[in-house]
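# Give the three-dimensional model of this entry:
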Amino acid sequence: MKSVSIFLLVLLLEGLALAGLNAQSIKVISFNIRLDAASDGIDRWDLRKKDLSDFLIGEQAVFIGLQEVTKNQLDYLNLELHDYAFIGVGRDDGLEAGEFSPILYDTSRVIMLSNNTFWLSESPDSVSVGWDAMLPRICTYGLFMLKANKQQLFVFNTHFDHIGEEARQKSAELILRKISEVNQENMAVVLLGDLNRRPDTKTIQLINNELIDGFKFADEASLKKPGTYNGFDLKSELKNRIDYVFVKNIKVSALKHGRQKSSEGRWLSDHLPVIATLQME
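Model (predicted):
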């Protein structure tokens, strides 16, 4: 009888070990890094780029969705973050002109299987400005496979227009349709982005109907001051939450809004990074 009990215990421990191998913890970051603008003065890119890249390197995220990224910024980060590659194109020509919404991914941990970028407009397959938007807006996405256990997931990254109310709502509808279209096998989905809308708006509620807002699992500091836009104001009350991590078919085990400062005591960007730890099973 004793030997049977030991045998059952061994089987249980082996099962737990296999479950641990199959479960994968994935850190993701959504971060509007603010474009390279000389008018930013003491907060301009050249004065904060080293601290910002050091922050990203230190976080060791598997996926990093950036917004408002110009080609020279992307080139710099691509050189600094040695273990990462990126997907994405410039929104002005579908190549290198204008802002990117790139997804950086750790090549030591994931394989990129496919990727695409579409425009948030009535003509998503071509360079275009949608609805009442002021500027062209895009969404970049990729299908990735985790090397550790061969699990696959989709990661989307976007930046909604800052003016057009209709454009923001239609952009949300378009992205949800695209997710449904490409995710025929109901795999895990992560949506990262600066959506330029607060949580109580119709646009965000629309997304909440189909995806889970990772902020539900935010730490105490982020719950007390939920805002992600600081405007480079060191005294910001951090009330305006417009940056998000949404998920589907994947668990959020932790989320926080990063409040790291530069070596000069300035904000790394005019937005805070949203940092989430996800669990695939």
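# From V28, how far off is G88?
Plainly put, G88 is 16 Å away from V28 if you go by C-beta to C-beta, to the nearest Å. Glycine gets a C-beta too; all of them are placed from N, C-alpha and C.
# and what of R48?
From R48 to V28 the distance is 22 Å (C-beta to C-beta).
# okay, those two: which has more neighbours?
V28 (27 against 24; other C-beta atoms under 10 Å).
# Is that one inside a helix or a strand, and which specific one?
strand 24-32 (DSSP states H and E).
# Now for the residue lying closest to R137 once chain neighbours are set aside: which residues touch it?
Using C-beta to C-beta, 6 or more residues apart in numbering and skipping the chain neighbours, the partner closest in space to R137 is L120 (4.1 Å). Going by C-beta atoms under 8 Å, 6 or more residues apart in numbering, L120 touches 130, 133, 137-139, 158, 160-161, 167, 170-171, 174-175.
# And I179, by the same measure?
So I179 contacts 154, 156, 189, 191, 210, 248 (C-beta under 8 Å, 6+ apart).
# what's the last one in contact with, if anything?
Counting by C-beta under 8 Å, 6+ apart, K248 touches 179, 188-189, 210-212.
# Identify the farthest-apart pair in those residues.
Using C-beta to C-beta, the two most remote members of those are A188 and E210, lying 13.9 Å apart.
# Tell me which of those two has more neighbours.
More neighbours surround A188 than the other of A188 and E210, with 22 against 15 (other C-beta under 10 Å).
# tell me the strands in this protein, going along the chain?
Applying DSSP state E to the chain gives strands spanning 24-32, 63-67, 84-87, 103-106, 110-119, 138-146, 152-159, 188-194, 212-213, 243-248, 251-257, 274-280.
# in the last one, what counts as buried?
It stands for strand 274-280. Across strand 274-280, burial judged by 16 or more other C-beta atoms under 10 Å covers 274-278, 280.
# out of everything not next to it in sequence, what's closest to L278?
That would be I26: by C-beta to C-beta, 6+ apart, it lies 4.6 Å from L278.
# Contacts only, for the one you found.
62-63, 146, 250, 277-280.
# ok, now I111?
144-145, 147.
# residues near V129, how many?
Neighbours of V129 (other C-beta under 10 Å): 19.
# What of I29?
21.
# Tell me where the chain has helices.
2-22, 45-59, 71-80, 165-182, 202-208, 220-224 (DSSP state H).
# Would you indicate which residues of the fourth one are buried?
Just to be clear, that refers to helix 165-182. In helix 165-182, counting by 16+ other C-beta under 10 Å, buried: 167-172, 174-176, 178-179, 182.
# If you compare the directions of that helix and strand 110-119, what angle comes out?
140 degrees (axes from the mean of the first three to the mean of the last three C-alpha atoms, to 10 degrees).
# what's the angle between helix 165-182 and strand 243-248?
Using the same axes, to 10 degrees: helix 165-182 against strand 243-248 is 30 degrees.
# quick one: average pLDDT of helix 165-182?
The average pLDDT for helix 165-182 rounds to 98.
# Report the inter-axis angle for it versus strand 138-146.
Angle, helix 165-182 to strand 138-146, by the same axes, to 10 degrees: 30 degrees.
# Ok, the third one next?
For helix 71-80 against strand 138-146, the angle between stretch directions is 10 degrees (the same axes, to 10 degrees).
# now for helix 71-80, which elements pack on it?
helix 45-59, strand 84-87 (3 or more C-beta pairs under 8 Å, 6 or more residues apart in numbering; DSSP states H and E).
# Please work out how many residues are found near W131.
The number of residues near W131, taken as other C-beta under 10 Å, comes to 17.
# So it sits against A172, correct?
No - applying C-beta atoms under 8 Å, one finds W131 not in contact with A172, separated by 11.7 Å.
# Could you list the low-pLDDT ranges of this structure?
Scanning the chain for pLDDT under 70 picks out 1-23.
# before we move on, back to that, would you tell me which one of the helices of the chain is buried the most?
helix 165-182 (a mean of 19; mean count of other C-beta atoms under 10 Å).
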